[in-house]
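Trainee: coordinates only, sequence not included:
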């Protein structure tokens with residue numbers, strides 16, 4: 001390609017399909033690393049990139065120093081999906097609402113970490129720690145208020161384009177036009193998603209608010225996330241959190257979030273047990289919506305969260321300097337929370353206590369490639385495929401231990417048969433299903 005370009009023959013289509021994402025990733029890391037080293041050439045980045053491509057890069061020589069473990073992990077996650085892969089003929093299901101998680105978030109898959117921030121300093125700490133989603137909110141407004149537009153604009157301006165920056169509107173009034181205007185403002189600020197929350201609300205009114213908000217997002221890439229609170233049961237007219245999936249569906253949302261308002265030490269599991277949340281998450285994934293859980297979550301909740309396996313886990317206090325949500329976010333705490341999530345995604349920490357669904361052998365299949373896809377996208381694709389073709393075997397290619405378990409559980413609950421689970425040399429697992 002370079003030889004042809006030097007002769008004036010610029011193959012723009014080849015560049016767009018094969019090289020552009022690599023060039024953008026290289027430019028981003030080159031600039032970021034060079035800035036970190038006060039203008040010195042980013043030798044550390046080049047060496048680690050070489051290591052990731054199978055070459056021997058080694059360590060840099062003084063006075064330079066290698067990338068940090070967090071930076072190495074980030075670069076690996078961002079580069080891995082861009083490597084050449086064997087050709088696979090995928091099924092082509094209807095594009096799911098949850099598909100927005102796949103292509104715009106550090107090229108990640110599996111549970112994503114969302115960190116709530118109040119200002120630019122905290123946003124940079126969350127970014128350095130490896131947060132997948134930077135969520136801007138205002139803790140001084142009923143603990144779930146909206147951040148100032150100037151903060152959202154500033155945070156979005158410094159974050160890489162592939163990084164999610166979400167906006168929390170908090171508890172919204174039952175005024176569809178007012179909420180739609182706020183949603184429109186979030187989209188104008190280039191937020192990846194905007195969350196609209198309901199506390200004391202009538203179901204039909206909430207649906208109408210969400211539909212008006214959906215209309216306000218026409219022409220934008222900003223996604224609509226409906227939200228209810230697990231502790232709504234404490235309020236006289238609190239909207240039942242069990243309606244979350246139906247509300248998101250009827251309100252034409254791209255995804256949903258269940259959070260808590262109570263900040264007295266109780267968390268989401270004090271109001272909604274693991275089996276209930278697991279059922280809601282599976283229902284959301286079957287509809288192709290992104291699923292998110294938050295609400296005073298701590299590291300000690302990660303095993304339960306991993307078994308539920310929402311697309312997004314939201315935290316604040318757990319990643320603050322002293323574990324209190326009113327103190328500043330610390331990148332070291334973010335990095336540790338992210339590391340613990342990754343240990344469960346990889347299966348290094350087994351949250352299912354070795355539970356295995358029996359398998360046997362068979363052959364013949366339609367392939368659904370789930371590498372680099374959200375669990376919601378994979379399950380929506382599987383649901384679509386078996387809905388239109390109950391004769392063909394379906395093979396799902398998965399790279400995340402939690403997604404593998406969820407696909408198996410989805411098959412079991414839907415009455416399908418898991419025939420084989422085969423591990424490939426590249427670390428992926430192929431799950432063969434007979435509808």
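Mentor: Ah, there it is. From a predicted model like this one, the values you see are computed outputs, not experimental measurements. Numbers count the residues shown, from 1 in each chain.
Trainee: average pLDDT for the strand or helix carrying residue 70?
Mentor: Element membership of residue 70, judged by DSSP states H and E, is helix 69-79. Here helix 69-79 scores 85 as its mean pLDDT.
Trainee: in it, which residues are buried?
Mentor: 70, 71, 72, 73, 74, 75, 77, 78, 79 (16 or more other Cβ atoms under 10 Å). Bear in mind the C-beta positions are built from the backbone N, C-alpha and C, glycine included.
Trainee: cool, stretch 340-357 as well?
Mentor: For stretch 340-357, by 16+ other Cβ under 10 Å, it's 340, 341, 342, 343, 344, 345, 351.
Trainee: A strand includes residue 137, no?
Mentor: Yes. Counting by DSSP: H, G, I helix; E, B strand; the rest coil, one finds residue 137 located in a strand.
Trainee: so is the closest residue in space to it that isn't next to it in sequence in a helix, a strand, or just coil?
Mentor: Nearest residue to residue 137, sequence neighbours excluded (Cβ to Cβ, 6 or more residues apart in numbering): residue 168, at 4.0 Å. Secondary structure assignment for residue 168 (three-state DSSP): strand.
Trainee: correct me, but residue 168 touches residue 146?
Mentor: Yes. The criterion here is Cβ atoms under 8 Å, and residue 168 meets it with residue 146 at 6.2 Å.
Trainee: need the phi and psi values for residue 162.
Mentor: Per-residue torsions, residue 162: phi -80, psi -10 (degrees, to the nearest 10).
Trainee: you'd agree it is up against residue 78?
Mentor: Yes. Taking contacts as Cβ under 8 Å, residue 162 lies within contact range of residue 78: 7.4 Å.
Trainee: grab the most central residue of the protein for me.
Mentor: residue 112 (3.8 Å; Cα atoms, centre = their mean).
Trainee: how many neighbours does the closest residue to that one other than its chain neighbours have?
Mentor: If the residues on either side of it in the chain are set aside, residue 112 comes closest to residue 132, at 3.9 Å by Cβ to Cβ, 6+ apart. Here the number of neighbours of residue 132 (other Cβ atoms under 10 Å) works out to 23.
Trainee: and the gap between residue 132 and residue 155?
Mentor: In this view, residue 132 and residue 155 are 14 Å apart by Cβ to Cβ, to the nearest Å.
Trainee: kindly report the same for residue 37.
Mentor: For residue 37, the distance to residue 155 - Cβ to Cβ - is 24 Å.
Trainee: comparing those two, which residue is more hemmed in?
Mentor: Neighbours were counted for residue 37 and for residue 155 using other Cβ under 10 Å; residue 155 has more, 26 against 17.
Trainee: ok, back up a step: state the phi and psi torsions of the residue nearest to residue 112.
Mentor: Per degrees, to the nearest 10, the backbone of residue 132 is at phi -80, psi -30.
Trainee: my guess is it meets residue 114, correct?
Mentor: Yes. Residue 132 lies in contact with residue 114 (Cβ under 8 Å); the separation is 6.8 Å.
Trainee: what bits of this structure have low per-residue confidence?
Mentor: 84-109, 142-143, 322-327, 353-365 (pLDDT under 70).
Trainee: got the domain ranges for it?
Mentor: 2-82, 101-346 (automatic domain parsing).
Trainee: related to what we said a few turns ago, for the residue nearest to residue 137, which residues are in contact?
Mentor: By Cβ atoms under 8 Å, 6 or more residues apart in numbering, the residues touching residue 168 are 116, 135, 136, 137, 144, 145, 146, 147, 195, 197.
Trainee: partners of the third one in the sheet?
Mentor: Which is residue 136. residue 117, residue 167 (DSSP bridges).
Trainee: with distance to residue 408 added, can I get the domains of the chain in JSON lines?
Mentor: As requested, the domains of the chain are exported to JSON lines (distance: least, Cβ to Cβ, whole Å):
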{"stretch": "domain 2-82", "distance to residue 408": "24"}
{"stretch": "domain 101-346", "distance to residue 408": "12"}
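Trainee: for residue 382, give me its contacts.
Mentor: Applying Cβ under 8 Å, 6+ apart, the residues near residue 382 are 368, 394, 396, 407, 410, 411, 433.
Trainee: isn't there a strand covering the last one?
Mentor: Yes. Assigned with three-state DSSP, residue 433 falls within a strand.
Trainee: these two touch, right, it and residue 415?
Mentor: No. Assessed by Cβ under 8 Å, residue 433 is found out of contact with residue 415, at 11.0 Å.
Trainee: which one of these two has more residues nearby?
Mentor: For residue 433 versus residue 415, the count of surrounding residues by other Cβ under 10 Å is larger for residue 433: 26 against 7.
Trainee: residues contacting that one?
Mentor: Taking Cβ under 8 Å, 6+ apart as the test, what residue 433 contacts is 382, 386, 393, 394, 395, 396, 407, 411, 416, 417, 418, 419.
Trainee: tell me the bridge partners for the closest residue to it other than its chain neighbours.
Mentor: If the residues on either side of it in the chain are set aside, residue 433 comes closest to residue 394, at 4.7 Å by Cβ to Cβ, 6+ apart. Residue 394 has these beta-bridge partners by DSSP bridges: residue 366, residue 433.
Trainee: what sits against residue 394?
Mentor: The contact partners of residue 394, taken as Cβ under 8 Å, 6+ apart, are 91, 365, 366, 368, 382, 385, 386, 432, 433, 435.
Trainee: of these, buried ones?
Mentor: 91, 365, 366, 368, 382, 385, 386, 432, 433, 435.
Trainee: wait, which of those residues is closest to residue 303?
Mentor: Distance to residue 303 across the buried ones among the contacts of residue 394 (Cβ to Cβ) is lowest for residue 382, with 25.5 Å.
Trainee: tell me which element the closest one is part of?
Mentor: helix 375-388.
Trainee: which of the residues in that helix are buried?
Mentor: In helix 375-388, counting by 16+ other Cβ under 10 Å, buried: 375, 376, 377, 378, 379, 380, 381, 382, 383, 384, 385, 386.
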